[in-house]
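Colleague: coords please:
(one chain, ligands or ions: 1)
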Amino acid sequence: MHLANGATLEVRGLRHAYGRRVVLRGVDLTVRPGALVGVVGENGTGKSTLLKILSGELRPQRGNVRRAGRFGYCPQDVVLNDALTVRQHLEFFRTAFALSDLRYTDEIMEVLRFSEYADERAGLLSGGTRQKLNLTLALMHDPRLLLLDEPYQGFDWETYQRFWHLAARLRDAGRSVLVVSHLAYDAERLDELWRLQDGVLHSVSEVPE
Ligand SMILES: Nc1ncnc2c1ncn2[C@@H]1O[C@H](COP(=O)(O)OP(=O)(O)OP(=O)(O)O)[C@@H](O)[C@H]1O
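Modeller: So this is what the prediction gives:
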């Protein structure tokens with residue numbers, strides 16, 4: 001799908017409640033190619049609910065989401081099969097994404113520094129390494145839009161820095177990167193920063209050109 005204004009993601013009037021608890025009250029958001037966008041909010045404000053709706057995992061009660069092109073979704077809960085090795089996960093997703101090879105995937109693994117775990121079963125990996133695999137599965141088909149829910153949970157400081165370099169590289173290559181976190185970021189890493197509060201997004205900062 002091509003969105004009229006060239007955006008990769010367009011969200012209008014999202015509302016969602018769990019029973020009587022209204023979590024999203026009217027979320028609007030437009031994400032452009034080559035934008036690194038952050039959404040922060042305290043625990044329980046609805047960030048994961050928002051990303052589940054953006055990825056299509058959850059249907060909103062009201063409002064609509066339009067995406068252009070392929071997207072990658074890194075959910076907060078790691079979705080791995082403990083009995084399979086890292087390589088088996090990659091092969092499975094290679095087939096699902098119809099990729100001819102894993103060259104780009106190998107590059108991501110090098111950047112995140114976990115190539116040496118290729119033959120390890122997922123169930124034996126540390127939390128941070130599981131998260132590296134979770135993130136790689138979302139990136140490996142080089143989607144135009146990335147929806148990343150707390151993508152660096154469990155990362156050590158160096159890996160955290162490497163993650164941000166990778167995100168900036170993808171942004172510079174014209175991808176849209178949306179990162180959700182309960183931490184307030186250094187705003188200079190981002191092109192736009194939004195705070196989810198009381199069910200709506202508030203602009204926190206716009207980084208000048
Ligand atoms: N399936 C569900 N059924 C009922 N309530 C839910 C469900 N999922 C989330 N909630 C509630 O909705 C609110 C928002 O949850 P959500 O996980 O979206 O927040 P979050 O901002 O991602 O939180 P965190 O930073 O802790 O991950 C919370 O009060 C949560 O308890």
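Colleague: Now residue 119. Nearest residue, chain neighbours left out?
Modeller: Leaving aside its sequence neighbours, residue 119 sits nearest to residue 85 (CB to CB, 6 or more residues apart in numbering; 5.4 Å). All C-beta spots, glycine's among them, are computed from the backbone N, C-alpha and C.
Colleague: so what's the one you found up against?
Modeller: Counting by CB atoms under 8 Å, 6 or more residues apart in numbering, residue 85 makes contact with 118, 119, 120, 121, 122.
Colleague: and the host helix or strand of residue 166, what does it pack onto?
Modeller: Assigned by DSSP states H and E, residue 166 falls within helix 157-172. Judged by 3 or more CB pairs under 8 Å, 6 or more residues apart in numbering; DSSP states H and E, the packing partners of helix 157-172 are strand 36-40, helix 103-112, helix 127-139, strand 176-181.
Colleague: Next, the angle from it to helix 127-139.
Modeller: Relative orientation of helix 157-172 versus helix 127-139 (axes from the mean of the first three to the mean of the last three CA atoms, to 10 degrees): 10 degrees.
Colleague: Mind listing what's buried along helix 157-172?
Modeller: 159, 162, 163, 164, 166, 167, 170, 171 (16 or more other CB atoms under 10 Å).
Colleague: Same check on stretch 78-97?
Modeller: 78, 80, 85, 86, 89, 90, 93, 94.
Colleague: What is the nearest of these to the ligand?
Modeller: Using CB to the nearest ligand atom, residue 78 is the member of these that lies nearest the ligand, at 13.6 Å.
Colleague: So that closest one, which state does it fall into?
Modeller: The three-state label given to residue 78 by DSSP: H, G, I helix; E, B strand; the rest coil is coil.
Colleague: ok, the nearest residue to residue 189 once chain neighbours are set aside to the ligand distance?
Modeller: Nearest residue to residue 189 in three dimensions, chain neighbours excluded: residue 164, at 5.6 Å (CB to CB, 6+ apart). Using CB to the nearest ligand atom, to the nearest Å, residue 164 is found at 19 Å from the ligand.
Colleague: I'd assumed residue 190 was in contact with residue 164.
Modeller: No - applying CB atoms under 8 Å, one finds residue 164 not in contact with residue 190, separated by 9.6 Å.
Colleague: List the contacts of residue 36.
Modeller: 167, 168, 171, 177, 179, 189, 190, 191, 192 are the contacts of residue 36 under CB under 8 Å, 6+ apart.
Colleague: rewinding a little: can you list the helices and strands packed on helix 157-172 in CSV and add distance to the ligand and mean pLDDT?
Modeller: Below are the helices and strands packed on helix 157-172 laid out as CSV (distance: least, CB to the nearest ligand atom, whole Å; pLDDT from 0 to 100):
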stretch, distance to the ligand, mean pLDDT
strand 36-40, 9, 95
helix 103-112, 22, 96
helix 127-139, 14, 96
strand 176-181, 7, 95
